[in-house]
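>>> below are the sequence and a predicted model; questions follow.
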Amino acid sequence: MKFIIIGLGNFGSSLAIQLTQMGHEVIGVDNKMEKVENFKDAISHTICMNTTEMSAVQSLPFRNTDIVIVAIGEDEGANILTTAMMKQLKVKRLISRAVSSLHQTVLEAMQVDEIVHPEEETANRWAWKLNTEGVLDSIPLSPEYHIVEAYVPERYIGKTLGETGFVNQYNVVVLTTMTTTREQNEIGSLIMKNKVQGVASAKTVLSEGDVLVLYGHIRDIERLLK
């Protein structure tokens, strides 16, 4: 796929680099030459441009681009102006970053396809992770339902999933399990690595240190992990 990411701050540059590493063609755009130079070797293409000027942005290859992401976060006005131009140019799919509730309201009024809140989403994931013992990570699918990585509670070690009664007792589904190993990284430090064991079944045996990938209502997952 082909992406144009406008704004190479922490969020935009990280997203652009990861998409490039996944094999996608990414054009990273920023109005600061320093950022463009910093990421030129990590992103497919980088361009220095003021995206609040229509004469400038019209030169970008929108016709062959699948997704445009306005990742500008420091300047809400520049984000809104750039987003408005993307709407005017009728890009195929537009995702824009919101940094405040008012900003969100403006983007909604502009009928942006998707709105992303990277800081808020990261904060929510960390808050839930820190609030619930044993949780390693959490991906919210809605305010109530999450996919959660958590260590196997001690009382279930040695049991099969069929014996745990997760579905009947807690209405929680185990999607898969992961084993954790220690491996050396490039500089010789030991790091933790998770290995996915495939789709879980009733015969899957839970061992000490295993990680469960759970799906369910957050209240039910909290009950299971307590």
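Arrived safely, thanks for sending. Note that the structure is a prediction, hence the values are computed from the model and not measured. Numbering: from 1, shown residues only.

>>> burial count for A127?
As a burial measure, A127 scores 11 neighbours (other C-beta atoms under 10 Å). Every C-beta, even on glycine, is put in place using the N, C-alpha and C of the backbone.

>>> number the chain from 269, please
Will do, 269 is the new start, and the previous item becomes A395.

>>> got the contact list for the helix or strand encompassing it?
Applying DSSP states H and E as the criterion places A395 in helix 386-399. Contact with helix 386-399 is made by F279, G341, R365, V367, V403, L404, D405, S406, I407, P408, H414, I486, as judged by C-beta atoms under 8 Å, 6 or more residues apart in numbering.

>>> same thing but at 10 Å, please
Residues external to helix 386-399 that are found in contact with it (C-beta atoms under 10 Å, 6 or more residues apart in numbering): 277-280, 282-283, 339, 341, 365-367, 372, 385, 403-408, 411, 414, 416-418, 486, 489-490.

>>> distance between it and the chain's centre?
12 Å (C-alpha atoms, centre = their mean, to the nearest Å).

>>> quick one: buried residues of the lowest-mean-pLDDT helix or strand in the chain?
Here the helix or strand of the chain ranked lowest by mean pLDDT, DSSP states H and E is strand 458-467, holding a mean of 74. For strand 458-467, burial by neighbour count (16 or more other C-beta atoms under 10 Å) applies to no residue.

>>> now stretch 419-432
Y419, V420, Y424, L429, T432.

>>> would you confirm that the first one contacts E476?
Yes. Counting by C-beta atoms under 10 Å, E476 is a contact partner of Y419 at 8.9 Å.

>>> which residues are in contact with each of those two?
Residues touching both Y419 and E476 (C-beta under 10 Å, 6+ apart): I425.

>>> where in this protein is pLDDT low?
The model of the chain has pLDDT under 70 over residues 452-460.
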